[in-house]
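>>> 3D model of this:
(one chain, ligands or ions: 1)
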Amino acid sequence: MRLVGKVAIITGAGRGIGREAAVLFAREGAKVVLADVDPQAEKVVGEIEEFGGEAIFVRGDVTNRDSCAAMAAAAVSSFGRIDILVNNAGITRDAQLVKLAESDFDRVIAVNLKGTFNATQAVAPQMVEQGSGRIINVSSVVGLYGNFGQTNYAATKAGVIGMTKTWARELGRKGITVNAVAPGFIQTEMTESVPEKVLEMMRGRTPLGRLGTACDVANIYLFLASDDAAYVNGAVVCVDGGLIP
Ligand code: NAP
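Numbers count the residues shown, from 1 in each chain. You can find the predicted model right below:
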């Protein structure tokens, strides 16, 4: 077990990749705080408790700074410390540039970019006090290459990489590593609305010939959260099956 004695906060842990990571981290011995706007994360806590793991659910919206402060406080009051933060919560509101509504641009920025900032700013002081910590920011290959119809999403995921590299410099000196994960096309509810024609094209551009699974990505979160990644800082790890952009 690779996370024994560690306390991890995972945002957007109610479903998809976040849910998979919460269960995996708990199986590896971590005490997990599942933060999500959706109460379905409470069910995941039940699943974790069934196999003897420890977890709590904190209902919270990463766009709300009080909510992020409450999430950090709940972790400390329930489990005494915070070792790992996974900024996994994310949304899409896709449209081509000329049709993209300002409200959809703003909402994606609020959740994916500012939400990552809000949650990290709420948690970092505790990690600095402890002199250790792991922050894993969730970007996307779209942040590296852009993508048709994803002006807002691509901007946030590129921005997450910029914040990752900045925090790696600022917090590395305090014993905290900060890395980003850039998944390719992963089968979750987020990609359910993507037309089959587009998914087929993505499979064709992936040398491994398939879309990724939530488990493929959660395994990389686990590696970056574990002691095995002690000297990895400021990195962007692609989990995309070798996607050809
Ligand atoms: P998902 O299935 O849509 O799950 C995202 C979770 O985040 C949901 O439970 C959602 O709650 C929650 N959430 C949304 N807004 C939130 C907020 N303001 N505060 C707290 N929680 C919030 O997404 P996923 O596919 O697992 O993606 C996880 C991460 O990987 C995201 O950052 C995404 O951008 C990134 N990613 C995914 C892919 C992919 O192909 N799936 C590729 C690259 C990167 P609701 O159910 O209420 O919406």
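>>> Please make it C-alpha for all contacts and neighbour counts, starting now.
Noted.
>>> Quick check, central residue of this protein?
For the chain, the residue sitting closest to the mean C-alpha position, by C-alpha atoms, centre = their mean, is N88 at 1.9 Å.
>>> now that one: how far from K157?
Distance, N88 to K157, using C-alpha to C-alpha, to the nearest Å: 11 Å.
>>> so what sits against both of these two?
V138 (C-alpha atoms under 8 Å, 6 or more residues apart in numbering).
>>> just checking, the residue nearest to the centre of the chain touches T120?
No - counting by C-alpha atoms under 8 Å, T120 is not a contact partner of N88; they are 11.5 Å apart.
>>> Show me what counts as buried in the helix or strand I9 falls within.
I9 belongs to strand 7-11 when elements are defined using DSSP states H and E. Neighbour-count burial for strand 7-11 flags 7-11 (criterion: 16 or more other C-alpha atoms under 10 Å).
>>> mind listing what's buried in the longest helix seen in the chain?
Secondary structure of the chain per DSSP state H: the longest helix is helix 151-172. Under the neighbour-count criterion of 16+ other C-alpha under 10 Å, helix 151-172 has 151-161, 163-165, 167-169, 171-172 buried.
>>> Next: stretch 126-138.
Within stretch 126-138, the residues that count as buried by 16+ other C-alpha under 10 Å are 126-128, 132-138.
>>> how about these in JSON lines, adding distance to the ligand?
Formatted as JSON lines, the buried residues of stretch 126-138 follow (distance: C-alpha to the nearest ligand atom, whole Å):
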{"residue": "Q126", "distance to the ligand": "20"}
{"residue": "M127", "distance to the ligand": "21"}
{"residue": "V128", "distance to the ligand": "24"}
{"residue": "S132", "distance to the ligand": "24"}
{"residue": "G133", "distance to the ligand": "20"}
{"residue": "R134", "distance to the ligand": "17"}
{"residue": "I135", "distance to the ligand": "14"}
{"residue": "I136", "distance to the ligand": "11"}
{"residue": "N137", "distance to the ligand": "8"}
{"residue": "V138", "distance to the ligand": "5"}
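>>> Narrow those to those in helices?
126-128.
>>> any idea how far R65 is from the ligand?
As defined by C-alpha to the nearest ligand atom, to the nearest Å, R65 lies at a distance of 11 Å from the ligand.
>>> got a pLDDT number for that residue?
Note on R65: pLDDT of 98.
>>> What segments of this structure are helices?
Here the chain has its helices, by DSSP H, at 16-27, 41-50, 65-79, 102-108, 115-130, 141-145, 151-172, 189-192, 196-204, 214-225.
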